[in-house]
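*Asks:* next input, structure requested:
(2 chains)
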Amino acid sequence: MLLVVLEHDRGTLGEAGREALTFGRTLAAKMDVEMHAAVIGAGAPDAAGPDGIASEAGDHGAVRVHTVDDGVLSDFGPEAWGESIAQITRFLAPDAVLACGSERGNEVIAQAAVRLDAPMVANCTDITPPGTGGGQWAMTRVQWGGSLLEDATLDAAGPALLTCALHTVASSPVKPAPSAPPPVQRLDVELPPELARTVVKEHVVLEAGVTLPTAPVVVGGGRGVGSAEGFAPLEELAELLGGRVGCSRAVTNNGWRPHSDQVGQTGTRIAPEIYIASGISGAIQHWVGAMGSKHILAVNIDPEANMVVKADWAVIGDLHQVIPAVSAEIRRRWS
Amino acid sequence: MRILCCVKRVPAPGARINVTADGLAVDAAHLGFTTSPHEECGVEEAVQITERTGGEVTVLTLGPAEAAEQLRYAASVGAHHGVLIQTDGAAWDPQRTARALTAAIEALEESGGPFDLILFGNESADSGGFQVGVRVCYSLGRPIVNGIKGIEIDGSTLRARREIDGGFEVYELAMPAALGVKEGINLPRYPTMRGRLASKKLAITTMEIDAEVGGQALVRLHRPAETLSQTTILGHGPEAAPAVVDVLEELGVL
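*Replies:* Numbering: from 1, shown residues only, chains lettered A, B, ... in the order given. Presented below is the predicted three-dimensional model:
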């Protein structure tokens, strides 16, 4: 059996969880086993309810859902989640455990792995299970945020602990849809109370609406913008398009924008319908954050810039003239 | 406060990363080396904390003899001690790395007393295994939370902030504790001339620790297949604006 650990925000299944199930479906077929899902913590008690996670997990291919709840699991906590995963893994004895390689996914699978004294392979893009009669797992995984791939092997005495790299697959439900939601089974765990030490204490919502990782349009600026003030026309265009402003690492290193606006390996991975990258050369560090964009339009004075070469469309010119002209054209068409 | 920062020496790539002929490493012939970015921020955070509260920062790395450069760089921006677990430079798997770091930390704490705070980078820029800090802390019996972009210290309690989509979470950990930090927690300073000079005199403690190999093994590195897109040039300068808006209309984002 393949056990997929679902990432959820206090009972609401996120895109990471749906991706893990979509990736897991293919893997379970290769392994010739069933795919089960695990829901840990707040939200688990309602998993089987009408708006619960179980039916959505079923729509994405899970044939059984296991829930774990405990007083310590009032909110996300990496140690408590990891200990829960370790305990249900010992009990259910799956052939493999998989989560999405999000920040939390990688963290909790690592916490489970060390408790099981087992190896863990993070951010796989392709996984081949051992042949009949055992042996090694083989996988391709991401290095350098996706700029390089690593072929690796895994020797695991017990279950293989794995995560799939974020956005390796686009999530999709199974077709035809299952006729009934999957059965839900509650599992008991015994969590040491001291694991409450790493449970979230406060949960603060800063902004409603469009955020950088989910924005349909991102207007990015790089070194070529030249100053903090230089971002005003980019802000204007982003607002007209209902999008957000992003930036390169050079920009945050210069203090022109907060780090939360940084697109890149050490910043935010974006996946908009279109990324308008202006004054950005397209170094590896930035590219791996931008490569999830469905389309890219580059604005750059240098026709040889990496970002221009990799873009779908490009305008060769000074962003300080091009970006305001685009905003003006949008206004003209609207009026 | 006694703070330990674990850092990794990684190549500093530009627009493209090449792989050596045997596929086992990044071809660094024309590249410089640097400290993995999250960890550079970890060192800066540790230095800022000790500037406010007093104490000492020790920087620990596992790598070839050349990794001493990254320890000296840390010293040039304010770290006090450098410790190198010297290897032949081949890539170590995450379990082996964690076992060696754990042994080194236990030895350092045995001789110098416990570290109040251990900082790891959330993940290394190159191999990105996302687990070494978690493994070390479990072996040491210490709490760790990853993804941290803000630290406040209140007596013996750490308040740590983690960004989530549209907001943030706060964790409270009693020291001794550990955190996996991310770039953006601060803006690392550049070394001063005085710092550079002082770093040359840094006495580096070298340890030789081997550790049991783990279950994950590197077979070969390769570059992903590049989807060569034909870039359509929409025009030059502001005159291209109507063509740009046509594209936006076509995509339905207007």
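*Asks:* C-alpha from now on. contacts and neighbour counts both.
*Replies:* Noted.
*Asks:* could you pull out the buried residues of the strand with the most length in chain A?
*Replies:* Longest strand in chain A, counting residues (DSSP state E): strand A:120-128. Going by neighbour count (16 or more other CA atoms under 10 Å in any protein chain shown), the buried part of strand A:120-128 is A:M120, A:V121, A:A122, A:N123, A:C124, A:T125, A:D126, A:I127.
*Asks:* can you put those residues in CSV and add distance to chain B?
*Replies:* CSV is the format used below for those (distance: CA to the nearest CA, whole Å):
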residue, distance to chain B
A:M120, 7
A:V121, 7
A:A122, 6
A:N123, 8
A:C124, 11
A:T125, 11
A:D126, 13
A:I127, 13
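*Asks:* reformat those residues as CSV; add distance to B:L108 and pLDDT.
*Replies:* Shown next, in CSV, are these (distance: CA to CA, whole Å; pLDDT from 0 to 100):
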residue, distance to B:L108, pLDDT
A:M120, 27, 98
A:V121, 29, 98
A:A122, 30, 98
A:N123, 33, 98
A:C124, 35, 98
A:T125, 39, 97
A:D126, 40, 98
A:I127, 39, 98
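*Asks:* could you check the angle the following helix or strand past the longest strand of chain A makes with strand A:120-128?
*Replies:* Next in sequence after strand A:120-128, counting helices and strands by DSSP states H and E, comes strand A:137-143. Angle of strand A:137-143 versus strand A:120-128, following axes from the mean of the first three to the mean of the last three CA atoms, to 10 degrees, is 120 degrees.
*Asks:* which strands or helices does the helix or strand just after strand A:137-143 pack on?
*Replies:* Counting by DSSP H and E, the next helix or strand C-terminal to strand A:137-143 is strand A:148-154. Judged by 3 or more CA pairs under 8 Å, 6 or more residues apart in numbering or on different chains; DSSP states H and E, strand A:148-154 is in contact with strand A:137-143, strand B:216-222.
*Asks:* near chain A at all, the last one?
*Replies:* Yes: for a cut-off given as CA under 8 Å from any CA of the partner chain, strand B:216-222 has contacts with chain A, namely B:Q216, B:A217, B:L218, B:V219, B:R220, B:L221, B:H222.
*Asks:* PyMOL command to pick out the buried ones of those residues?
*Replies:* Buried residues within the residues of strand B:216-222 next to chain A, by 16+ other CA under 10 Å, are selected in PyMOL with:
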select buried, chain B and resi 216+217+218+220+221+222
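*Asks:* mind putting the residues of strand B:216-222 next to chain A in JSON lines, pLDDT included?
*Replies:* Shown next, in JSON lines, are the residues of strand B:216-222 next to chain A (pLDDT from 0 to 100):
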{"residue": "B:Q216", "pLDDT": "97"}
{"residue": "B:A217", "pLDDT": "97"}
{"residue": "B:L218", "pLDDT": "96"}
{"residue": "B:V219", "pLDDT": "96"}
{"residue": "B:R220", "pLDDT": "96"}
{"residue": "B:L221", "pLDDT": "97"}
{"residue": "B:H222", "pLDDT": "96"}
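*Asks:* closest to A:E150 among the residues of strand B:216-222 next to chain A?
*Replies:* B:L221 (4.5 Å; CA to CA).
*Asks:* what's across from that closest one in the sheet?
*Replies:* Listed beta-bridge partners, B:L221: A:E150 (assigned using DSSP bridges).
*Asks:* OK, contacts around it?
*Replies:* A:L148, A:L149, A:E150, A:D151, B:V19, B:G23, B:L24, B:A25, B:V26 (CA atoms under 8 Å, 6 or more residues apart in numbering or on different chains).
*Asks:* highest neighbour count among those residues?
*Replies:* Among the contacts of B:L221, A:E150 has the most neighbours (other CA atoms under 10 Å in any protein chain shown), with 25 neighbours.
*Asks:* any chance of the contacts of B:L221 in TSV, with distance to B:C6 and pLDDT too?
*Replies:* Formatted as TSV, these follow (distance: CA to CA, whole Å; pLDDT from 0 to 100):
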residue	distance to B:C6	pLDDT
A:L148	24	94
A:L149	25	96
A:E150	24	98
A:D151	26	98
B:V19	26	93
B:G23	27	93
B:L24	24	92
B:A25	22	92
B:V26	22	92
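*Asks:* going along the chain, name the strands of the stretch 151-254 of chain B.
*Replies:* B:157-164, B:167-174, B:177-181, B:204-207, B:216-222, B:232-236 (DSSP state E, counting those that start in this stretch).
*Asks:* okay, now the sheet partners of the shortest one, with direction.
*Replies:* Strand pairing for strand B:204-207, determined by DSSP bridges: strand B:81-86 (parallel).
*Asks:* can I get the strand it pairs with in PDB? Just the C-alpha atoms.
*Replies:* Written as PDB, here are the backbone C-alpha positions of strand B:81-86 (Å, rounded to 0.1, in the frame of the first residue of the first chain):
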ATOM      1  CA  HIS B  81      34.900  30.200  16.100                       C
ATOM      2  CA  GLY B  82      35.100  27.900  13.100                       C
ATOM      3  CA  VAL B  83      35.000  24.100  13.100                       C
ATOM      4  CA  LEU B  84      35.600  21.900  10.000                       C
ATOM      5  CA  ILE B  85      34.600  18.200   9.700                       C
ATOM      6  CA  GLN B  86      37.000  17.500   6.900                       C
END
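*Asks:* please see if the next helix or strand after that strand touches chain A.
*Replies:* Following strand B:81-86 in sequence order, the next helix or strand is helix B:94-112 (DSSP H and E). Yes: for helix B:94-112 and chain A, the contact criterion (CA under 8 Å from any CA) is met by B:Q95.
*Asks:* much appreciated, bye for now.
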